[in-house]
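**Student:** Here is a sequence together with a model predicted from it:
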Amino acid sequence: MPEPLLEVKDLRVQFPTEDGVVKAVDGLTFSVRAGETLGIVGESGSGKSVSFLTVMGLITKKSAIVEGEVLFQGQDLVQMDNDELREIRGPKIAMIFQDPMTSLHPFYKVGDQISEMILAHEDISKKEAFDRSVEMLKRVNIPQPEERAKQYPHEFSGGMRQRAMIAMALSLNPDLLIADEPTTALDVTVQAQILALIDQLQSEFNTAVALITHDLGVVAEHCDHIQVMYAGKIVEEGTADDIYYRPMMPYTWGLLRSLPRLGHDTARLTPIAGAPPSLIFLPDGCSFSPRCPYVFDECRAIEPELLPIDGHHAARCHLSLEDRERIMAQEILAPS
Amino acid sequence: MSEVEATRLREHPRSGEPLLRLRGIVKHFPITRGIIFQKKVGAVHAVDGVDLDIYPGETLGLVGETGCGKSTLARVAMRLHDSTDGTIVFEGKDITRMKGENLREVRRDMQMIFQDPYASLNPRKTVGTIVGAPLRLHKTVPKNQVKTEVQNLMELVGLNPEHYNRYPHEFSGGQRQRIGVARALALRPKLIVCDEPVSALDVSIQAQILNLLNDLQDEFNLTYLFIAHDLSVVKHISDRVAVMYLGKIAEAADGSQLYTEPKHPYTGALLSAVPIADPNLAKTKQRIILEGDVPSPINPPSGCRFHPRCYQRKSLDAESQERCRADEPELRPHAPGHVAACHFPLDARIIDALAETEPGSSR
């Protein structure tokens, strides 16, 4: 097994506020290997974005309480200062964001914005950098890249802006690409284009991708390994097959059942009752226990560990494996 | 209406008089130049000739990508925008140019639920005031009973009536959307236009709101015009689905027919682009990836509006290709209740390829 590219160990990110300390990420441990696609699914406020903003060094000890280790190729990013981080951000780890309109600068030409990124890290002329950005725009299938590079972001459509963002992110050939809800703001046909593009570029550049999304469909198709997050913790992780065909955690069940799907004619969806907990006052025991239909006394008192089930598949739940397998077979995967 | 009758209508939505009838709806937004003397230099063809009937008790799903005109169409139907051309008939009355008190009376029967529960509720008003506003405006209940009525409504949509005096910021996204539903329901309307009501919500909350909308429809025999871009959500809630592309209806069909037998290539592409939450099927699924973006509605393409992106057209001979470019296809029936605007509708071969990807059979 190859060395992991990124290893996050017991990461905790907390934001002190007037009302109390927000525990956005609460003991997160995971790793990403070279060339792999990791999917992170969770609802708003589950900590999926905050954890990767910390990996990128965009949330630092100045703005939050950060504990734990983020080892990238053996170096701890949490302990680095800004100058050291700059050597990592861009050439090694790049990120694309949800909203391509707000992440491109409206006053600068697209080509110049990509060049700026290259110039910041490489000692080449402006002309060469601009040519490289045209080349990158071409690689992300933007038609007429020479003209497009001289245009402003408002002249691009949503899908093209996201392509330009991807071009920028990949221009220094990073080892890890963090894609934070890259297609949430896009239409479904454009989403298919962008995801196909990420897949294609990933195999070309052998980049590892961390795909953060709330869409269970997107991760099912594109990810080797999936983590389900809830209230700042991983509650279940495994391969796509594990998560979709052998889910072992009531929150994952809830997500799968509340999803209307093409081809499944369910008269009624089964939503998860209630709402996600406040990250300031996390419930005692299992953080999902207030919403869990299978809750029992132990769940409210003791926090379950993320225990392995088989292979890479692991889940946090006090229910016995036999019980969970029975519930899963009878209630979750049974055709309705 | 009795329950039996309601069921009958749902099974045969085309029987009886439509609740809302749209004929030849056109909405152009002018583009002007100049500051004092404004000259019209063009128009955004947001909606360009749409005929649509919505029957009592049914849910009509309207899908399409950003900028296809689905929201504008709904706003025109609600008389929030004045149409450039066409007629709007609600319950047999022509409301296209209706004004003043008459219009107000009609609006009592048509209400709207908006996409963003953060932007559609006034942050400075309490829930009681927000939900009670339609009651006070239309004076449908005596002043001293407004509070009781509002609390009933809150209970109905699953909110705690004791939260009457709370402000929107004290509620979560899903709860806020419930407030929006309660407000829309206050006047017991006949038609509710839901403009992307669940797009801004998390999946688990989304299912709660969809179930609520379903329950309310059964209880009050509501008619929904349900606008969304998520095809699986639309399929779940709708009796009939219409697909819009660049200001026109591309295809409309009853029930799941649109999903099993799409006729318009655009519908086929939309369906194939939906991510499937099932890894094995996702691997075998045939994807049609459309090239480019939706053309500008300022200068919509000639002939069939989909022709520059159409993957079907490429396999046609030159003469047929020219027909797509020059000749605008009309909505033609393909099966009872199934219409599509395409000269060369998808054939069985392609439909089979799409049907194989239907996850129903495997798990």
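**Tutor:** Received it, and whenever you're ready, just let me know what you need.

**Student:** so which helix or strand takes in whichever residue of chain B sits closest to chain A?
**Tutor:** Closest to chain A within chain B is residue B:275: 2.9 Å, counting by Cβ to the nearest Cβ. To be clear about C-beta, it is placed using only N, CA and C from the backbone, and glycine gets the same treatment. Assigned by DSSP states H and E, residue B:275 belongs to no helix or strand.

**Student:** I'd like the distance between it and residue A:157.
**Tutor:** For residue B:275, the distance to residue A:157 equals 21 Å [Cβ to Cβ, to the nearest Å].

**Student:** What of residue A:331?
**Tutor:** 44 Å.

**Student:** More neighbours: which of the two?
**Tutor:** Higher neighbour count among residue A:331 and residue A:157: residue A:157, with 18 against 14, using other Cβ atoms under 10 Å in any protein chain shown.

**Student:** Where does the stretch 101-250 of chain A get nearest to chain B, which residue?
**Tutor:** Relative to chain B, the nearest point of the stretch 101-250 of chain A is residue A:217 (2.9 Å; Cβ to the nearest Cβ).

**Student:** residues contacting that residue?
**Tutor:** B:274, B:275, B:276, B:277, B:282 (Cβ atoms under 8 Å, 6 or more residues apart in numbering or on different chains).

**Student:** Identify the residue nearest it in space, chain neighbours excluded?
**Tutor:** residue B:275 (2.9 Å; Cβ to Cβ, 6 or more residues apart in numbering or on different chains).

**Student:** That neighbour is in contact with residue A:213, isn't it?
**Tutor:** No - the criterion here is Cβ atoms under 8 Å, and residue B:275 misses it with residue A:213 at 9.4 Å.

**Student:** Please identify which helix or strand holds the residue positioned nearest the centre of chain B.
**Tutor:** With distances taken as Cα atoms, centre = their mean, residue B:227 lies nearest the centre of chain B, 2.5 Å away. Using DSSP H and E, the element containing residue B:227 is strand B:223-228.

**Student:** what is the mean pLDDT for the one helix or strand residue A:54 maps to?
**Tutor:** Using DSSP H and E, residue A:54 sits within helix A:48-55. Per-residue pLDDT values across helix A:48-55 average out to 92.

**Student:** What of stretch A:113-133?
**Tutor:** 93.

**Student:** which of the residues in it are buried?
**Tutor:** Buried residues in stretch A:113-133, counted by 16 or more other Cβ atoms under 10 Å in any protein chain shown: A:113, A:114, A:115, A:117, A:118, A:119, A:129, A:130, A:131, A:132, A:133.

**Student:** quick one on the thing from earlier: who's in contact with the residue of chain B closest to chain A?
**Tutor:** Taking Cβ under 8 Å, 6+ apart as the test, what residue B:275 contacts is A:191, A:192, A:195, A:215, A:217, A:218, A:220, A:221, B:282.

**Student:** Residue B:115 now?
**Tutor:** Applying Cβ under 8 Å, 6+ apart, the residues near residue B:115 are B:195, B:196, B:197, B:199, B:200.

**Student:** Tell me where the chain is predicted with low confidence.
**Tutor:** Assuming you mean chain A. Across chain A, the ranges flagged by pLDDT under 70 are A:1-2, A:263-266, A:334-336.

**Student:** The intended chain is chain B.
**Tutor:** B:1-15, B:348-363.

**Student:** longest helix anywhere in it?
**Tutor:** helix B:203-220 (DSSP state H).

**Student:** so what secondary structure elements neighbour that one?
**Tutor:** Contacts defined by 3 or more Cβ pairs under 8 Å, 6 or more residues apart in numbering or on different chains; DSSP states H and E place helix B:203-220 against helix A:250-257, helix B:173-185, helix B:231-237.

**Student:** possible to save the ones you listed as TSV with distance to residue B:318 and mean neighbour count?
**Tutor:** Listed next are those as TSV, based on distance: least, Cβ to Cβ, whole Å; neighbours: other Cβ atoms under 10 Å in any protein chain shown:
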stretch	distance to residue B:318	mean neighbour count
helix A:250-257	49	24
helix B:173-185	52	24
helix B:231-237	34	23
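
**Student:** between those, which gets nearest to residue A:225?
**Tutor:** Using Cβ to Cβ as the measure, helix A:250-257 is the one of these that comes nearest residue A:225, at 14.4 Å.

**Student:** tell me the angle of the closest one relative to helix B:203-220?
**Tutor:** Angle of helix A:250-257 versus helix B:203-220, following axes from the mean of the first three to the mean of the last three Cα atoms, to 10 degrees, is 50 degrees.

**Student:** Could you look up the next helix or strand downstream of helix A:250-257?
**Tutor:** helix A:297-301.

**Student:** So which of the contacts of residue B:115 wins on neighbours?
**Tutor:** In terms of neighbour count, residue B:197 stands highest of the contacts of residue B:115 at 30 neighbours, by other Cβ under 10 Å.

**Student:** what secondary structure does residue A:29 sit in?
**Tutor:** Taking DSSP: H, G, I helix; E, B strand; the rest coil as the rule, one finds residue A:29 in the strand state.

**Student:** Run a quick neighbour tally on it.
**Tutor:** Residues near residue A:29, counting by other Cβ under 10 Å: 14.

**Student:** Tell me the spacing between it and chain B.
**Tutor:** Separation of residue A:29 from chain B (Cβ to the nearest Cβ, to the nearest Å): 24 Å.

**Student:** Up against chain A, what does the stretch 51-200 of chain B have?
**Tutor:** B:65, B:66, B:172, B:173, B:174, B:175 (Cβ under 8 Å from any Cβ of the partner chain).

**Student:** Out of these, which is nearest to residue B:306?
**Tutor:** Nearest to residue B:306 among those is residue B:65, at 11.5 Å by Cβ to Cβ.

**Student:** Pull the distance from the strand holding residue B:227 to the chain's centre.
**Tutor:** 4 Å (Cα atoms, centre = their mean, to the nearest Å).

**Student:** Show me what it is packed against.
**Tutor:** strand B:59-63, helix B:70-77, strand B:191-195, helix B:231-237.

**Student:** any chance of the ones you listed in JSON lines, with distance to residue A:288 too?
**Tutor:** Below are the helices and strands packed on strand B:223-228 laid out as JSON lines (distance: least, Cβ to Cβ, whole Å):
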{"stretch": "strand B:59-63", "distance to residue A:288": "33"}
{"stretch": "helix B:70-77", "distance to residue A:288": "36"}
{"stretch": "strand B:191-195", "distance to residue A:288": "30"}
{"stretch": "helix B:231-237", "distance to residue A:288": "24"}
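
**Student:** And those: which comes nearest residue A:166?
**Tutor:** The closest of these to residue A:166 is helix B:231-237. By Cβ to Cβ, the value is 25.0 Å.

**Student:** May I have the strands that pair with the helix or strand following that closest one, each with its orientation?
**Tutor:** Next in sequence after helix B:231-237, counting helices and strands by DSSP H and E, comes strand B:240-245. Here strand B:240-245 is paired, per DSSP bridges, with strand B:59-63 (parallel), strand B:248-254 (antiparallel).

**Student:** Adding mean neighbour count and distance to residue B:44, write these out as a markdown table.
**Tutor:** Listed next are these as a markdown table, based on neighbours: other Cβ atoms under 10 Å in any protein chain shown; distance: least, Cβ to Cβ, whole Å:
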| stretch | mean neighbour count | distance to residue B:44 |
| --- | --- | --- |
| strand B:59-63 | 26 | 19 |
| strand B:248-254 | 25 | 14 |
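
**Student:** got a list of contacts for whichever helix or strand comes after the helix holding residue A:54?
**Tutor:** Using DSSP H and E, the helix or strand that directly follows helix A:48-55 along the chain is strand A:65-72. For strand A:65-72, contacts defined as Cβ under 8 Å, 6+ apart pick out A:5-16, A:21, A:27-28, A:54-55, A:59-60, A:76-78, A:88, A:92-93, A:176.
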